[in-house]
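1. sharing a model that was predicted from the sequence below.
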Number of protein chains: 4
Amino acid sequence: MHNTLVATVAIVGASGYTGQETLDRVLAHPALELYALGSDSLAGRPADALDPRLGRNGFRRIPRFITNDAALSSGADVIFLCLSHEEAAALEPPPRGVVVDLSGGHRFAEPAIYESWYGFRHPFPERLGEWSYGLPEVSPPSGRLIANPGCYATAALLALAPVADAIEPSGVVVDAKSGVSGAGRTLSERSHAGSVLENTAPYKVGAHQHAPEIAQALGFPVTFVPHLLPVRRGLIATCYVRSTGPDLRELLEERYADSHIVSVLPEGAVPELARVQATDGAEIGVFEDRLTGDSVLICAIDNLGKGAAGQAVQNVNLLYGYEETAGLRLSGVLV
Amino acid sequence: MHNTLVATVAIVGASGYTGQETLDRVLAHPALELYALGSDSLAGRPADALDPRLGRNGFRRIPRFITNDAALSSGADVIFLCLSHEEAAALEPPPRGVVVDLSGGHRFAEPAIYESWYGFRHPFPERLGEWSYGLPEVSPPSGRLIANPGCYATAALLALAPVADAIEPSGVVVDAKSGVSGAGRTLSERSHAGSVLENTAPYKVGAHQHAPEIAQALGFPVTFVPHLLPVRRGLIATCYVRSTGPDLRELLEERYADSHIVSVLPEGAVPELARVQATDGAEIGVFEDRLTGDSVLICAIDNLGKGAAGQAVQNVNLLYGYEETAGLRLSGVLV
Amino acid sequence: MHNTLVATVAIVGASGYTGQETLDRVLAHPALELYALGSDSLAGRPADALDPRLGRNGFRRIPRFITNDAALSSGADVIFLCLSHEEAAALEPPPRGVVVDLSGGHRFAEPAIYESWYGFRHPFPERLGEWSYGLPEVSPPSGRLIANPGCYATAALLALAPVADAIEPSGVVVDAKSGVSGAGRTLSERSHAGSVLENTAPYKVGAHQHAPEIAQALGFPVTFVPHLLPVRRGLIATCYVRSTGPDLRELLEERYADSHIVSVLPEGAVPELARVQATDGAEIGVFEDRLTGDSVLICAIDNLGKGAAGQAVQNVNLLYGYEETAGLRLSGVLV
Amino acid sequence: MHNTLVATVAIVGASGYTGQETLDRVLAHPALELYALGSDSLAGRPADALDPRLGRNGFRRIPRFITNDAALSSGADVIFLCLSHEEAAALEPPPRGVVVDLSGGHRFAEPAIYESWYGFRHPFPERLGEWSYGLPEVSPPSGRLIANPGCYATAALLALAPVADAIEPSGVVVDAKSGVSGAGRTLSERSHAGSVLENTAPYKVGAHQHAPEIAQALGFPVTFVPHLLPVRRGLIATCYVRSTGPDLRELLEERYADSHIVSVLPEGAVPELARVQATDGAEIGVFEDRLTGDSVLICAIDNLGKGAAGQAVQNVNLLYGYEETAGLRLSGVLV
């Protein structure tokens, strides 16, 4: 039996992409009640200042924006941190309640990674051990402080973690492609539509901060290159591995046999961005190269869904004993 | 109090875009039960032959495809016809039950329009009078045979019908833009991705079959030009009118004050495709040209949602006394 | 016989979209010699700091960037101003040489328009009369100070100017759609890829600054609404008019019979963005609405080509007696 | 000194994408004269039946379409075969003149590859040895029968061939992404805009026919997965290799030091689709993964340019002693 007791929610940084998507799931959740909506830029304004749909007839009444500090100390049972890495790392978590950090501010046990890959010195290195890395299918959340995984890391790990002991650890390649919302709402040359439309390019080649995250979870490093696609949302990670013997498809099918969130596609079927966009699910395809015999594991997710907000709510569901998929976007067969 | 008795559903032509989207809403509907799934090309195959998501763990069991004839005569309480105009026009509706025709096969009282605008002679001209044009906000469905409006006509009429008596009937212009799914799944040069991507073009200029549909509903003709956008889904109709005096914004706000489906945006706010995509709602913006003083009424819908499948289910909801929005996609604030 | 004497060129504001596209045409021009490349943000850096292609093996040597002031006073024979409206309006043109202003800073005889439509008080209202509005097919450039037309105004006027005396001046509608590069390289929420991709929306409805520009050239106002398309470049203006009698197609075909830049398409053929993208040409289609009998004139151009840089160079070609199409992008039948 | 004698050209299959793009280059070529334009579907019609731009004022006069057989036996000096693999394989080349086959019909020395990877038995296996594989930077054309490389193979080989002796041959991965025009003008479910827009998916995973082409040229197989991007044109191949010691960047820079077609980008600069689209050039970026130390070589080309028509004309230029870049699209710095 699932818990049905209501928990109150505060979203800190609600006006960014991950904040808005988290709000979307919370509003659809039968047991989460929105309590505080934090945004320093929108504080004092009604919810529909962010999006006209929030003022729509028939929508549940949504509170006005307050400052992020006020939201953080609102006393809500669950706090979602939807901030930049550095801002989140600098926050004092409140003394009680569940905190889910959607940034990378608490994903690493090793503080040196922040200086080396994130460009800042972590202000609370000694507390990093208090956070658990919540990737439900790979490392379920525990405790009350949850570091929500990065989008690329989620896709790569859903495909690779179940086979990590069955592949050669050297020579693994993860070639990933993501829609632009992965870069957030902040304005930059790279996210300018004139640079994105009818274009595709790699970025941070071999130097993206999700690489050490993947390595930490797998226990060995992979070569990782992300590319920016001219689509709003969605992410595909094409993972190249060499089995040491076991049948990788079998391992993946076993792992996800009971999952309502991750599907292993039948032989020959390829994952498609369009089928996971705006959902909190994942699709995995398993292939073998005809010439080399090496294996190709391909995972598609929505970068803002299973790659961010959906996973954050899934983590809360597991911690609170709610139905695992409560509030998530999983049904539907839109064209 | 809303009716909650279950009605069974057959979808005829379930493998096209409107069929799949209708299926999507029926699967989400608390009182509609999927009974028969018709597709001549997929007959005999399981539902996931259309889309892998239909075979997913956790989805309600969905029946195998049968032929369209078998679906039509399945005895379901509600039949959705998701066929071409000419195929739908040629069908004998079953003797009982609600039939919603999503094609243009039964939208006109005047049979001559079929020869002149659709390119075929209507096989049952004498029965056209038995069908009602079901655009809930403008002409609610009545009887058991419902002609579901065209997507362009829906957007234009949501904006124009409430002000039809308050504008000069001569000189009205409707300039519309639609995503490619409006043209359905059929392969054609115009729907080839190489013609669509990084392109935009008008088509059937001044000669599109939704023009007489708009004229029939308004009582006067408008100049109508559709354009094809490089987007999957969504439709915007920009309507140019001259008021004879009344405040057009006021008329629209009054008409939609209680609607959970159509929103009139506040002054200055523009409709956006992205906010209505994959939903069954509509947004209307009202503006005045600074130089000419003429009015611009802009309506955005999803061509497959409010412009097709969503409206079809809304029509059934009204006929059966279900909650008007049951099964529809209306909530959510996706980025 | 065409002039072949070389003229030197300075581009002021070369690092924006119109600057880069002007540079593109100048580099391809047989008689224009690039002399100074101005950009305050790139001053001191080599040309390939703007685009790696400018450092490419085989490219003509291109000078380093200097400041805009230095470029303006470089003594070049031809100066292209590729700045914001307000910056361009504030500049003192050098005492000799041709100056082509690609912004809106000198397009209006009436200074009040700047306050009312552009949001700033024109610093040199008394000199506005010294500038000629250079739209070669409509009002050829004269003198040495040329105001290059706006992109929307160009498309609308190419279609409307030749028929202006043959249509009812009241009730004309121009519904335009443009790619994002029309908004330039400046970062803004509206040009963020997350707002543009898989979206389309009107903006500045009935209040865009190209409306008074069209009105000034035609002698009467039109209702004008621009929309932002999810494409990099290209612009379509769909113009709705009512003939007072004359055959509008005939008038347009006559006007453009000898043009190598503007084509009137044969009956039934529709302009397409894709065919004019990255070119300096224009396509015009002429149609009549079946129901209302009103005319629809549709003009497609590239907003950065005929709508900006291509037209600027065309203006210089006419002033200097070069071949009208020298340096322009007009040939080719890319897919 | 370059040859300037005129050669006549016939294009067989001129109405497909590669045919049209070949026509584009031939029309721009100072020494190639278009003599015959073959298309079975357009035979008898004027050139502008393919594209209105071909009827434009100012364009060189272009001959009417004739049948492919007539074009093949027209006696032209140079024949471009722009047909399907199987059609091209089945043709008897004329007894004299240069023939460039843009399909895969003559790329392999080993006939068995056709049955195994192309799905047909090659009709003239004994003559395959008469064809040379013309990838100018890797294996310059020789003789009069030229097999023009595949688009993916071109991109992969430009990056990999110069370093083939300096990397471990096992474990090489080529992850490629292409615009839709790579699939040609033929209608199919996969090229339907509704499947392409706002989507991205791998296809023929580990089983694409360009894999044996890459293997034949390198001397060892690689794992190869192509993905379909929602863009009209352009292709990026991200190649993952492990150096056996040599500096791979140095090897690539040396190889392309004098090339006007292939640029090795400076350290840190990433190839972008947008900069090579609609050109016949290539960009290569060289990177090292921070965690694994493995190398990433990324090559961007236009699939229809350097990946097809541009390379075909480049091959002819080399055979005839024309300037290597004659007729090619290489200049310009479009936004």
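-> On my side now, so go ahead.
2. spell out which residues of chain A are next to chain C.
-> A:17, A:179-181, A:185, A:187-189, A:191-199, A:230-232 (Cβ under 8 Å from any Cβ of the partner chain). All C-beta atoms are positioned from the backbone trio N, CA, C, and that covers glycine.
3. just the buried members of these?
-> Among the residues of chain A next to chain C, the ones that count as buried by 16 or more other Cβ atoms under 10 Å in any protein chain shown are A:17, A:179-181, A:185, A:191-199, A:230-232.
4. does at least one residue of stretch A:218-228 sit close to chain D?
-> Yes: Stretch A:218-228 is in contact with chain D by Cβ under 8 Å from any Cβ, via A:221-225, A:227.
5. for that stretch, give the mean pLDDT please.
-> The pLDDT scores in stretch A:218-228 average 98.
6. would you turn the residues of stretch A:218-228 next to chain D into JSON lines with distance to chain B and secondary structure?
-> Below are the residues of stretch A:218-228 next to chain D laid out as JSON lines (distance: Cβ to the nearest Cβ, whole Å; DSSP: H, G, I helix; E, B strand; the rest coil):
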{"residue": "A:221", "distance to chain B": "32", "secondary structure": "coil"}
{"residue": "A:222", "distance to chain B": "27", "secondary structure": "coil"}
{"residue": "A:223", "distance to chain B": "30", "secondary structure": "strand"}
{"residue": "A:224", "distance to chain B": "25", "secondary structure": "strand"}
{"residue": "A:225", "distance to chain B": "25", "secondary structure": "strand"}
{"residue": "A:227", "distance to chain B": "18", "secondary structure": "strand"}
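7. out of those residues, who's nearest chain C?
-> Of all the residues of stretch A:218-228 next to chain D, chain C sits closest to residue A:227, with 14.2 Å by Cβ to the nearest Cβ.
8. now that we have the residues of stretch A:218-228 next to chain D, which one has the most neighbours?
-> Neighbour count (other Cβ atoms under 10 Å in any protein chain shown) singles out residue A:224 as the most crowded of the residues of stretch A:218-228 next to chain D, with 32 neighbours.
9. give the full set of residues in contact with that one.
-> By Cβ atoms under 8 Å, 6 or more residues apart in numbering or on different chains, the contact set of residue A:224 is A:152, A:156, A:173-174, A:176, A:206, A:208, A:210-211, A:214, D:289, D:291.
10. would you mind measuring from the spatially closest residue to residue A:39 that is not a sequence neighbour to residue A:185?
-> Closest residue to residue A:39 apart from its sequence neighbours, by Cβ to Cβ, 6 or more residues apart in numbering or on different chains: residue A:15 at 4.0 Å. To residue A:185, residue A:15 is 8 Å away according to Cβ to Cβ, to the nearest Å.
11. and what of residue A:30?
-> Taking Cβ to Cβ, one finds residue A:30 at 29 Å from residue A:185.
12. again, but for residue A:116
-> 27 Å.
13. what do you get for residue A:68?
-> Taken as Cβ to Cβ, the span from residue A:68 to residue A:185 is 15 Å.
14. before we move on, back to that, filter the buried ones among the residues of chain A next to chain C down to just the ones in helices.
-> A:17, A:193-196 (DSSP state H).
15. so which of those residues are also by chain D?
-> Near chain D, by the rule Cβ under 8 Å from any Cβ, you find A:194-195 out of these.
16. and the ones in helices among the buried ones among the residues of chain A next to chain C, which two are furthest apart?
-> A:17 and A:194 (19.9 Å; Cβ to Cβ).
17. pull out the buried residues from the contacts of residue A:224.
-> A:152, A:156, A:173-174, A:176, A:206, A:208, A:210-211, A:214, D:289, D:291.
18. make TSV from those residues and add secondary structure and distance to residue A:83 to it.
-> Output for the buried ones among the contacts of residue A:224, formatted as TSV (DSSP: H, G, I helix; E, B strand; the rest coil; distance: Cβ to Cβ, whole Å):
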residue	secondary structure	distance to residue A:83
A:152	helix	19
A:156	helix	24
A:173	strand	32
A:174	strand	26
A:176	strand	23
A:206	coil	27
A:208	coil	20
A:210	helix	18
A:211	helix	22
A:214	helix	22
D:289	coil	29
D:291	coil	26
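19. many thanks, we can stop here.
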